[in-house]
Every structure is written in structure tokens, then in C-alpha cells.
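Chemist: here is the input, now give the coordinates:
(2 chains)
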Amino acid sequence: DTEVTQTPKHLVMGMTNKKSLKCEQHMGHRAMYWYKQKAKKPPELMFVYSYEKLSINESVPSRFSPECPNSSLLNLHLHALQPEDSALYLCASSQDPLAGGLAKNIQYFGAGTRLSVL
Amino acid sequence: AQRVTQPEKLLSVFKGAPVELKCNYSYSGSPELFWYVQYSRQRLQLLLRHISRESIKGFTADLNKGETSFHLKKPFAQEEDSAMYYCALSGVRGGGSNYKLTFGKGTLLTVNP
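Modeler: Predicted coordinates for the structure are as follows:
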């Protein structure tokens, strides 16, 4: 299995709702990432987990809360979002980029969750 | 700070014509450079990376450290090459920089019949 799977594909939520985005990979990768992508813009890194520990938080507002329950799963919990948070949320995974050697930091992306906040 | 510049937002060529998508970068040291492609309604996927020095789907890219460039080239464009292309840079110094992919703003390539 060489895919990163994201669910749901689409999500519409109100500003008072709580929802979660899910991401799964079975490639044995030890680094997992959340990105936000606005229309016609490049992905922007939000969080990085390495060996199930949060390594990087790119100053993301606390209404986004990541969680890595195990090495194959990554969640993004959403609460009290704003309309400007509407975007495509991408998950990615890679081998350990600190391990050295070829291919270690190639990131494989999921198809994304298209989020609309009303 | 690391930065990637793709000067062309849009590029339109005819089928069979050569195509070059430009990418310049700023990084202290020797980074790792990638080209990612996003076809319509498909996921972002790696096209090629400078370390591999390979040709994928007829595309090649050479890292020019003197000019800090990593331009993507194909001698004969095909209609199925129409997509958004992102140049990206990753640090190699260890620590957080190895995890961060810095993307350029992307070039939308349209290959006309």
C-alpha cells in the first residue's frame, strides 16, 4: 500500500461545531504532516509529527489540534473554526528525513479534505 | 531563510513544443530540490528530485548551484502534461529543516492541441 488516505473527502461545518479530519498510511513512514492549501496557492505546512511526537507547529491557532495516536494514523481536531479556515487540508507522510540516505524525505500526499466553514 | 521562486504563474505552449518551467531558490548551503505536480482533481505527487538525476515522463531538471536554479524541462510537451507544477526545497542540515518543504507559488502549465 503506497497511499496516504484521508477522510472525509469533503466537510462542511459551522463555526461552533467540533469535527476531526483523519489520515492513514501503511508505508511504515515515521514522519507525518498536515498542510493547508488555499485555492491556486501552494501547500502551507501546519504540523509535523516524527515518531508520534509533535516536532513542528508552525504557529497554528489553537482551534486546530493535531493528534498522532499511532505510527499509521494522524488526526486533526477542529473546533470553533472561522470562515477563513475554509481550504483543502492535506496530509503527507515520509520516512524519517533525519535518517539519511536517498528517498528519506520524499513526502507522499493524500488527496485532501475539502473543508468549508459556514 | 529558505525561499523558492517560480516567476511564471501561467505558462501556455502548443503540443510538441519545448517547455521550461523556471525555479530559483535561496538557501544557505546545499538544499534538496524537488518538483511536485498536481494534475486536475488528483493529489500532489512527486515528479522528480535533483538527487536522483533521472527523467520522469520526459521531464528533466538540473540543479545549477551557481545560478541557484532548478528549472524543469521537457523537449516535446504533451497535452497530458497540463497541470500545476510546484518547485520545492528541503533543508539538509538536520533538525527541523529536513522536515520542512518550502514550496514555490506554482506554475500552471497548459499544453494546447
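Chemist: quickly list what residue 87 is bridged to.
Modeler: With no chain named, the answer covers chain A. Beta-bridge partners of residue A:87, counted by DSSP bridges, are residue A:115.
Chemist: oops, I was thinking of chain B
Modeler: residue B:35.
Chemist: what number of residues lie near it?
Modeler: 29 (other CB atoms under 10 Å in any protein chain shown). Heads up, the C-betas are built off the backbone N, CA and C, glycines and all.
Chemist: same thing with residue B:25?
Modeler: Residue B:25: 21 neighbours (other CB under 10 Å).
Chemist: give me the nearest residue to the closest residue to chain A within chain B, chain neighbours excluded.
Modeler: Residue of chain B nearest chain A, by CB to the nearest CB: residue B:103 (3.5 Å). In space, and not counting its chain neighbours, residue B:103 is closest to residue A:42: 3.5 Å by CB to CB, 6 or more residues apart in numbering or on different chains.
Chemist: that older thread, contacting residues for the residue of chain B closest to chain A?
Modeler: Residues in contact with residue B:103 (CB atoms under 8 Å, 6 or more residues apart in numbering or on different chains) are A:42, A:43, B:4, B:36, B:86, B:87, B:88.
Chemist: so the third one touches residue B:88, yeah?
Modeler: Spelled out, that is residue B:4. Yes: at 6.5 Å, residue B:4 counts as touching residue B:88 under the criterion of CB atoms under 8 Å.
Chemist: residues from chain B in reach of chain A?
Modeler: Counting by CB under 8 Å from any CB of the partner chain, chain B comes close to chain A at B:32, B:34, B:42-46, B:49, B:51-52, B:86, B:90, B:94-96, B:98-101, B:103-106, B:108.
Chemist: quick revisit: so what sits against both of residue B:4 and residue B:88?
Modeler: B:102, B:103, B:104.
Chemist: so the first one is in which element?
Modeler: It refers to residue B:102. strand B:101-103 (DSSP states H and E).
Chemist: what mean pLDDT does that strand get?
Modeler: Average pLDDT, strand B:101-103: 91.
Chemist: then stretch B:20-32?
Modeler: 89.
Chemist: on that earlier part again, these two touch, right, the residue nearest to residue B:103 and residue B:86?
Modeler: Yes: Residue A:42 is within contact range of residue B:86, at 5.6 Å (criterion: CB under 8 Å).
Chemist: overlap in contacts of those two?
Modeler: With CB under 8 Å, 6+ apart, residue A:42 and residue B:86 have common neighbours B:103, B:104, B:106.
Chemist: what sits against residue A:46?
Modeler: A:33, A:34, A:35, A:36, A:57, A:58, A:60, A:64, A:66, A:76.
Chemist: count residues in the vicinity of the last one, would you?
Modeler: Other residues near residue A:76 number 23, with proximity taken as other CB under 10 Å.
Chemist: in contact with it, which residues are there?
Modeler: Residue A:76 makes contact with A:20, A:21, A:23, A:34, A:46, A:47, A:64, A:65, A:66, A:67, A:89, according to CB under 8 Å, 6+ apart.
Chemist: filter those to the buried ones?
Modeler: A:21, A:23, A:34, A:46, A:47, A:64, A:66, A:89 (16 or more other CB atoms under 10 Å in any protein chain shown).
Chemist: from the contact counts, what lies against the host helix or strand of the last one?
Modeler: Under the criterion DSSP H and E, the helix or strand holding residue A:89 is strand A:87-94. Contacts of strand A:87-94 with other secondary structure elements, assessed using 3 or more CB pairs under 8 Å, 6 or more residues apart in numbering or on different chains; DSSP states H and E, are made with strand A:4-7, strand A:18-25, strand A:31-37, strand A:73-79, strand A:108-109, strand A:113-117.
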